[in-house]
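Asker: below: sequence and its predicted model.
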Amino acid sequence: MQPTLKVQALSKTFDVRAGLFKRKKFEVLKNISFCIGKGETIAVIGETGSGKSTLAKLLAGADNANSGQILLEGNIIEDNGIRDNQCRHIRMIFQDSGASLNPGLTIGDMLDDCLQYNTDFDEEERAEKINLTLSKVGLLVDHQHYYPHMFSVGQLQRVAFARALILDPKVMVLDEAVSSLDPSIRAQIVNLLLKLQRETGLTYVMITHHLSLVRHISDQVIVLDKGEVVEYGLTESVFNNPQSKITQRLLSC
Amino acid sequence: MQLLDVRNLTIELRTSETVIRAVDRVSFSLKEGEVHALVGESGSGKSLIAKAIVGVLNERWNITADRIHWRGVDLMRLTPEQRRQTVSKDIAMIYQDPSRCLDPTAKIFNQIAETLPEVARKGFFLKRNRDRKDRVKALIHKVGIKNHEAVLDSYPHELSEGVCQKVMIAMAIARTPKLLIADEPTTALESTTRAQVFRLLKSLNQLKNMSILMISHELEEIADWSHGIHVLYCGQMVEAGPTHKIFKQPRHPYTQALLKSLPDYEQGLAHKEPFYALKGTIPTLQHLPIGCRLGPRCPQAQKECVVTPTLTKHSGHSYACHFPLIKEMK
């Protein structure tokens, strides 16, 4: 079976200043490769500064890689830093949904913008799609007239999901999207994630430091340290039998 | 001996239209050398309680309590100056957002040195300076920062969140307080630093016999080393008792929901199976339901729940519910 998302030898370097005129190359990600099938979840864990968020940005297309390919269902969408414009297939959800939504737009307008720029639906189809998406994430149709400040944290997270889902993506990148929530709301959102995965076969790339959650919902785990993959495998085998020292240290605390 | 004894603490906010009761008659007590946890979701008034004990809430908040006894002295009856002295001598607090609570315009060394006033008054000034430097260095080593020179000579924005948090702890333990109030000390940190901070707090508790009041919204992080847990929901104490009893036999539906949302606790849960979750969201302070505040979300709610339930107590385990999950107390 063709994997949904395949990443081959992805590398990213940043230029940092070293002295007055000199510049130094700083490697954030070195040779990252993994692949993930339809309806599966891959979790990326690691300490701060290990390049987790950079990986998320590269996948979502917010930044370009220096070398390596990203393949989506067999088609190359990024090749050595040149991105094919397919942002609608890989969508990202940010950590703080309250800060990543435009406070001046109603939810309906915001979702409408997404559709206007990425699809050729007419007005009626767009309205229908918005209603459908809102009900999919457990919000009411009337909520599209609301502004972000009128929602609670859990509902804002649902709005963020709606914005990601409205373009029917194949892959969703979750950058610490659930770990900052309160426990009872987190349970609701995790249930929503699992339900969406079951119904639509979404693939998740989950970046988090909440290890028990990783164990519960992910199929594969990548452990990153200083931009390198130190361990990659099925969740159960990595958690039960960690090979590298870094993984053992991460799991023991 | 009871270190801290709080009875019926109520914190209200006066607005132009109504009075909002953010914390509703909360009682708890803490013995010397114990670690207690206040658990609740955001907006449940955990931080307010901590701030009310330390006395740093501003005048808009109206605090009433039957008593807040600190080692037999009622803090509510002291004059502000006396209270300030008692609190500054014995109670220290770690605030929620370390990089925002440190002074951005002063270097770390000066900020820590400021918490050691008694050193500054003894001896000749050269000795005084040396003493101060030594004390600050010793403190910063104690919290596990190794490169003290670089850290002491930097401003808060130059340091990572974990180091800032450790600096805050160093400032809090500078006067060896009897009680340390830690207000979500690890929310901003990732797992390895979090484990370090917990290890540090744990060793302080064991070696210095320091009592700790931990405030957190995660049950699992404090489960294995706290003596007692107090669960708050929307300003009401819903359940309180020794940690092992709460984990083994939760009596309040809310505590049960909290426990069931932990993947570690629910052993029987299959991979990718949905969690047990309460419906709805936490009500805002302006629209609190009457009676039991969990009422609209509670699976067991009945007609009686519009009356605020009283706290039923049995051998150290208390709960406030009309329909507890386990009826008889054995």
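Answerer: Happy to help now that I have it.

Asker: give me the residue from chain B nearest chain A.
Answerer: Closest approach of chain B to chain A (C-beta to the nearest C-beta) occurs at residue B:195, with a separation of 3.3 Å. C-beta: built from backbone N, CA, C; applies to glycine.

Asker: give the contact list for residue 80.
Answerer: As the question left the chain open, I've gone with chain A. A:65-69 (C-beta atoms under 8 Å, 6 or more residues apart in numbering or on different chains).

Asker: looking at chain B here, not the other one
Answerer: For residue B:80, the contact set (C-beta under 8 Å, 6+ apart) comprises residue B:55.

Asker: what is the burial count for the residue of chain B closest to chain A?
Answerer: 17 (other C-beta atoms under 10 Å in any protein chain shown).

Asker: swap in the one 4 residues further on?
Answerer: The local packing count at residue B:199 equals 13, with neighbours defined by other C-beta under 10 Å.

Asker: if you count neighbours, what's buried in the helix or strand hosting it?
Answerer: Element membership for residue B:199 (DSSP states H and E) is helix B:191-208. Under the neighbour-count criterion of 16 or more other C-beta atoms under 10 Å in any protein chain shown, helix B:191-208 has B:191-198, B:200-201, B:204-205 buried.

Asker: same for it, what does it pack against?
Answerer: helix A:245-252, helix B:161-173, strand B:179-183, strand B:211-216 (3 or more C-beta pairs under 8 Å, 6 or more residues apart in numbering or on different chains; DSSP states H and E).

Asker: can you give me the angle that helix makes with helix B:161-173?
Answerer: Between helix B:191-208 and helix B:161-173, the angle comes out at 10 degrees (axes from the mean of the first three to the mean of the last three C-alpha atoms, to 10 degrees).

Asker: list the contacts of residue B:7.
Answerer: Listed by C-beta under 8 Å, 6+ apart, the contact partners of residue B:7 are B:27, B:65-69.

Asker: swap in residue B:295?
Answerer: B:289, B:301, B:305-306.

Asker: wait, doesn't residue A:185 sit right on residue B:281?
Answerer: Yes. Contact status for residue A:185 versus residue B:281: in contact at 6.7 Å, counting by C-beta atoms under 8 Å.

Asker: mind checking how far residue B:146 is from residue B:207?
Answerer: 20 Å (C-beta to C-beta, to the nearest Å).

Asker: on contacts alone, who are the packing partners of the one helix or strand residue A:68 maps to?
Answerer: Applying DSSP H and E as the criterion places residue A:68 in strand A:67-72. The helices and strands touching strand A:67-72, judged by 3+ C-beta pairs under 8 Å, 6+ apart, are strand A:5-17, strand A:23-36, strand A:75-79.

Asker: show me what from chain B comes close to chain A.
Answerer: B:41-42, B:160, B:187, B:190-192, B:194-195, B:217-220, B:257-258, B:260-264, B:269, B:271-278, B:281-282, B:284 (C-beta under 8 Å from any C-beta of the partner chain).

Asker: follow-up on the earlier one: which residues are in contact with both of residue A:185 and residue B:281?
Answerer: The contact sets of residue A:185 and residue B:281 overlap at residue A:154 (C-beta under 8 Å, 6+ apart).

Asker: neighbour count: the two, which is higher?
Answerer: Each of residue A:185 and residue B:281 has its neighbours counted (other C-beta under 10 Å); residue A:185 has more, 24 against 17.

Asker: format the helices and strands packed on helix B:191-208 as CSV; extra columns: distance to residue B:98, mean neighbour count and mean pLDDT.
Answerer: Formatted as CSV, those follow (distance: least, C-beta to C-beta, whole Å; neighbours: other C-beta atoms under 10 Å in any protein chain shown; pLDDT from 0 to 100):
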stretch, distance to residue B:98, mean neighbour count, mean pLDDT
helix A:245-252, 23, 16, 80
helix B:161-173, 4, 23, 85
strand B:179-183, 10, 24, 88
strand B:211-216, 14, 24, 87
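
Asker: nearest to residue B:134, out of these?
Answerer: helix B:161-173 (13.9 Å; C-beta to C-beta).

Asker: distance from that closest one to the middle of the chain?
Answerer: 16 Å (C-alpha atoms, centre = their mean, to the nearest Å).

Asker: so which elements touch it?
Answerer: strand B:91-94, helix B:98-101, helix B:108-113, helix B:125-142, helix B:191-208.

Asker: in its sheet, which strands sit next to the first one, and in what direction?
Answerer: Taking DSSP bridges as the criterion, strand B:91-94 sits next to strand B:179-183 (parallel) in its sheet.

Asker: now the angle from the partner strand to strand B:211-216?
Answerer: 10 degrees.

Asker: quick one: contacts of strand B:179-183?
Answerer: With C-beta under 8 Å, 6+ apart, strand B:179-183 has contacts from B:3-4, B:30, B:46-47, B:50, B:53-54, B:90-96, B:172-173, B:201, B:204, B:210-215.

Asker: what's the answer for stretch B:91-110, then?
Answerer: B:47, B:50, B:53-54, B:70, B:111, B:136, B:151-157, B:159, B:161, B:164-165, B:167-169, B:171-173, B:175, B:177-185, B:187-188.

Asker: average pLDDT for it?
Answerer: For stretch B:91-110, the mean pLDDT works out to 86.

Asker: up against chain B, what does chain A have?
Answerer: A:47-48, A:152-155, A:180, A:182-188, A:190-191, A:194-195, A:197, A:209, A:211-213, A:215-217, A:249-250, A:253.

Asker: try it again with 6 Å
Answerer: Contact residues, chain A versus chain B (C-beta under 6 Å from any C-beta of the partner chain): A:47-48, A:152, A:154, A:182-184, A:187-188, A:190-191, A:194, A:209, A:212, A:216-217, A:253.

Asker: what strand or helix carries residue A:204?
Answerer: Per DSSP H and E: strand A:203-207 holds residue A:204.

Asker: ok, then the element right after that strand?
Answerer: helix A:211-217.

Asker: in CSV, list the helices and strands packed on helix B:191-208 along with distance to residue B:106.
Answerer: Formatted as CSV, the helices and strands packed on helix B:191-208 follow (distance: least, C-beta to C-beta, whole Å):
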stretch, distance to residue B:106
helix A:245-252, 35
helix B:161-173, 12
strand B:179-183, 22
strand B:211-216, 26
